[in-house]
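Participant: Quick one: sequence plus predicted model below, questions after.
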Amino acid sequence: MAKRGGFPGGMPGNMNNLMKQAQRMQRQMEESQKELETKEFVAKAGGGAVEVTVTGGKEITKVKLSEEVVDPDDIEMLEDLVMAAANEALRMADEANNELMSKMTGGLGGGFPF
C-alpha cells in the first residue's frame with residue numbers, strides 16, 4: 001500500500017533549515033521593531049519655530065514652540081505649523097519602518113510570488 005503525503009521520518013534537512021531561518025528572521029524583525037518604536041524622530045516647521053518629536057511607534061512625545069510664533073491674533077498659523085511638523089515627523093517614522101521592513105524581507109515586497 002502506498003503512503004499518502006508527508007515525508008518518511010519527518011521533514012527533510014532543507015525544510016528544517018528553512019524553518020530555523022524563518023524563526024531567526026522573525027526574532028530579528030521583532031527586536032528591530034522594538035528598537036524602532038523607541039527611536040525618536042524630530043521635525044521642524046516655520047524655520048524651526050515649531051518642533052515636534054515622535055517615536056517610531058507614532059506617539060508624539062514633545063512639542064516645542066518658539067515665543068515669536070505664539071501670536072494670539074494668528075492661532076491658525078500656529079496650528080498649521082504644529083500640524084506640518086507633526087506630519088513630517090510621522091512621515092519620517094513611517095519611512096524608517098518601511099526601510100526596516102525592506103531590509104528584513106530582502107526586497108520581497110512583503111509577499112511571496114505564489
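Facilitator: Nice, I can see it.
Participant: Can you give the distance from the helix or strand harbouring Gln21 to the centre of its chain?
Facilitator: Element membership for Gln21 (DSSP states H and E) is helix 13-38. Centre-to-centre, helix 13-38 and its host chain are 16 Å apart (C-alpha atoms, centre = their mean, to the nearest Å).
Participant: Pull out the buried positions in that helix.
Facilitator: Applying a neighbour-count criterion of 16 or more other C-beta atoms under 10 Å, the buried positions in helix 13-38 are Leu36. Bear in mind the C-beta positions are built from the backbone N, C-alpha and C, glycine included.
Participant: What is the burial count for Ala89?
Facilitator: 25 (other C-beta atoms under 10 Å).
Participant: hmm, back to that, could you check the very next helix or strand once past the helix holding Gln21 and say which residues are buried?
Facilitator: The element immediately downstream of helix 13-38 (helix or strand, assigned by DSSP H and E) is strand 40-45. Residues of strand 40-45 classed as buried under the neighbour-count rule (16+ other C-beta under 10 Å) are 41, 43-45.
Participant: Counting residues, which helix of the chain comes out longest?
Facilitator: Residue-count comparison of every helix in the chain, with assignments taken from DSSP state H, identifies helix 75-105 as the longest.
Participant: and the angle for it with helix 13-38?
Facilitator: Between helix 75-105 and helix 13-38, the angle comes out at 160 degrees (axes from the mean of the first three to the mean of the last three C-alpha atoms, to 10 degrees).
Participant: what's helix 75-105 packed up against?
Facilitator: Contact here means 3 or more C-beta pairs under 8 Å, 6 or more residues apart in numbering; DSSP states H and E; on that basis helix 75-105 packs against helix 13-38, strand 40-45, strand 50-55, strand 60-65.
Participant: gap between that helix and the chain center?
Facilitator: Chain-centre distance of helix 75-105: 10 Å, with C-alpha atoms, centre = their mean.
Participant: Next, the angle from it to strand 50-55.
Facilitator: Between the axes of helix 75-105 and strand 50-55, defined by the same axes, to 10 degrees, the angle is 30 degrees.
Participant: what comes up buried for helix 75-105?
Facilitator: Neighbour-count burial for helix 75-105 [16+ other C-beta under 10 Å]: 78, 81-82, 84-86, 88-90, 92-93, 97, 100-101.
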